[in-house]
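Enquirer: what shape does this take:
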Amino acid sequence: MFLIVAKYLIPNGYRGMAVFPFVIVKYNLDKGNKVFLNHEKIHLRQQLEMLVIPFFVWYFLEYVVRLIQYKNAERAYRNISFEREAYANETDLNYLKTRSFFQFWNYLTLKQK
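Expert: Numbers count the residues shown, from 1 in each chain. Okay, the predicted model is just below:
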């Protein structure tokens, strides 16, 4: 993982993003935020197992489906299977050591609380 601080590459309302093999953060402070970085590392693993480009295609298509489903951009984003997995496990700093292959699949059909 390569960590980059680039305030202007991150869309408004977000603090960072993962684009294999980079984690780009908006604020220098987030370089030391282990939970935040773990969330982004989960995305790197997802991207790697899906061979990067298909990950972004799936991510976009699932976002569109969720946007139609929820009619709310924030809820759509939070309910993307990749985001569900990352948010659910970001505080478990050992998660990536035991994570099964294609684990995001288990989050595809879960309903938001």
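
Enquirer: where in the chain is pLDDT low?
Expert: For the chain, the stretches with pLDDT under 70 are 110-113.

Enquirer: mind redoing it with 90?
Expert: Along the chain, the model assigns pLDDT under 90 to residues 109-113.

Enquirer: list the buried ones in the longest helix seen in it?
Expert: With secondary structure taken from DSSP state H, the chain has its longest helix at helix 53-70. Going by neighbour count (16 or more other CB atoms under 10 Å), the buried part of helix 53-70 is F55, W58, Y59, E62, Y63, R66. The C-beta positions use only the backbone N, C-alpha and C, and glycine is treated the same way.

Enquirer: now for that helix, which elements pack on it?
Expert: Under the contact criterion of 3 or more CB pairs under 8 Å, 6 or more residues apart in numbering; DSSP states H and E, helix 53-70 touches helix 34-49, helix 73-78, helix 81-89.

Enquirer: I'd like those helices as TSV, with distance to Y27 and mean neighbour count appended.
Expert: TSV is the format used below for the helices and strands packed on helix 53-70 (distance: least, CB to CB, whole Å; neighbours: other CB atoms under 10 Å):
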stretch	distance to Y27	mean neighbour count
helix 34-49	10	18
helix 73-78	20	14
helix 81-89	19	19
